[in-house]
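A.B. asks: take a look and give me a structure for this.
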Amino acid sequence: MLADYHIHSEYSDDSVEPMETIIKSAIGKNISEICFTDHVDYNIKLDHDTFNQMNDEEKVKNKKVLNVDYPNYFREIETLKNKYKDQIIIKKGLEFGIQTHTISRFQSLFDSYDLDFVILSCHQVDNKEFWTYDYQEGKTEDEYNLGYYEEIYKCIHQYNDYSVLGHLDLIQRYNKRIYPFEKSKDIITKILEKIIKENKGIEINTSSFAYKLEDLTPSREILALYHQLGGKIITIGSDAHNAESVGSHIAFIQQELKNIGFRYFCTFDKMKPVFHEL
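C.D. replies: From the prediction side, this is the model:
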């Protein structure tokens, strides 16, 4: 069985791909199940209701940095879920780009909709993005790498309505060199111990191949540590932003998980993990 549990459509600010095109691509690749996980990044992007209250000048400035249009998003997923029910399973998810000071807004969002799956990701700290290097500016390599993990650690102690941690060592994508695992092992161990205790999981994000990284995301060292600590809940997602990338390298990752010692990967239904043998 192949399942892709990290997919972005035109409901994310950084994709223009229609949901139906993504679904047809997944069916054509014999993928059994997908979950849409479009972006929500409070304090970085605006909700549509806030945007609609702006004047024309403000709308022009902000139109490309919007969170998911929630009512239309969930309505379209339901429509397509029914249309393709005999060909593929489609689940409702979101990717929460959470920060400690935005937790209350994510809690309100989660409480407002019925979700199958939530990826908890850290895309920025103190409203400073990693991909623009705003967060890294003025910090040493140790400060910004460890600061990233510390933000995740704080968030998972204050927020619990999620399924897996997304691309756990995302910060490596923006490092000039691989940050030594031993330097961050203690804080990563604390993160993994916490999520295992809370019956949460992690994802393997296959965008590492698109970014031409030297290792998987998260790294094999982190995956091995998760397994060693007793972690069992793990999803696989392409982080696709277009139909072509859906399902990318998922079969390969399933074998990598077996090589590490994992026996199962997960899909989700109504926020509960469903285990599938590798």
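A.B. asks: quick one: the helices in the stretch 151-278 of the chain, in order.
C.D. replies: Along the stretch 151-278 of the chain, counting by DSSP state H, counting those that start in this stretch, helices occupy 181-197, 207-210, 220-228, 250-260.
A.B. asks: elements contacting the last one?
C.D. replies: Helices and strands touching helix 250-260, by 3 or more C-beta pairs under 8 Å, 6 or more residues apart in numbering; DSSP states H and E, are strand 201-205, helix 220-228, strand 234-237. For the C-beta atoms, the positions are set from N, CA and C on the backbone; glycine is no exception.
A.B. asks: residue 18: which of the helices of the stretch 151-278 of the chain is closest?
C.D. replies: Closest to residue 18 of these, according to C-beta to C-beta: helix 207-210, at 20.5 Å.
A.B. asks: the closest one: how far from the chain's middle?
C.D. replies: 14 Å (C-alpha atoms, centre = their mean, to the nearest Å).
A.B. asks: okay, and the spatially closest residue to residue 244 that is not a sequence neighbour sits in which element?
C.D. replies: Spatially, and ignoring its direct neighbours in sequence, residue 244 is nearest to residue 25 (6.9 Å; C-beta to C-beta, 6 or more residues apart in numbering). Residue 25 belongs to helix 19-28 when elements are defined using DSSP states H and E.
A.B. asks: ok, then the element right after that helix?
C.D. replies: Heading C-terminal from helix 19-28 (DSSP H and E), you reach strand 33-40.
A.B. asks: now that following strand, how far from the centre of its chain.
C.D. replies: Distance of strand 33-40 from its chain centroid, counting by C-alpha atoms, centre = their mean, is 8 Å.
A.B. asks: of the helices of the stretch 151-278 of the chain, which is nearest residue 170?
C.D. replies: Residue 170 lies closest, by C-beta to C-beta, to one member of these: helix 207-210, at 9.6 Å.
A.B. asks: just checking, what packs against the closest one?
C.D. replies: Helix 207-210 makes packing contacts with no helix or strand when contacts are defined by 3+ C-beta pairs under 8 Å, 6+ apart.
A.B. asks: contact partners of that helix?
C.D. replies: With contact meaning C-beta atoms under 8 Å, 6 or more residues apart in numbering, helix 207-210 is reached by 167, 215-217, 238-239, 245, 248-249.
A.B. asks: check the offset of the lowest-mean-pLDDT helix or strand in the chain from the chain's centre.
C.D. replies: The weakest-scoring helix or strand in the chain, judged by mean pLDDT, DSSP states H and E, is helix 56-62 (a mean of 80). Put simply, helix 56-62 sits 28 Å off its chain's centre (C-alpha atoms, centre = their mean).
A.B. asks: and for stretch 86-93?
C.D. replies: The answer for stretch 86-93 is 18 Å, by C-alpha atoms, centre = their mean.
A.B. asks: how about low-confidence regions in this protein?
C.D. replies: Low-confidence segments of the chain (pLDDT under 70): 63-64.
A.B. asks: that'll do, ta.
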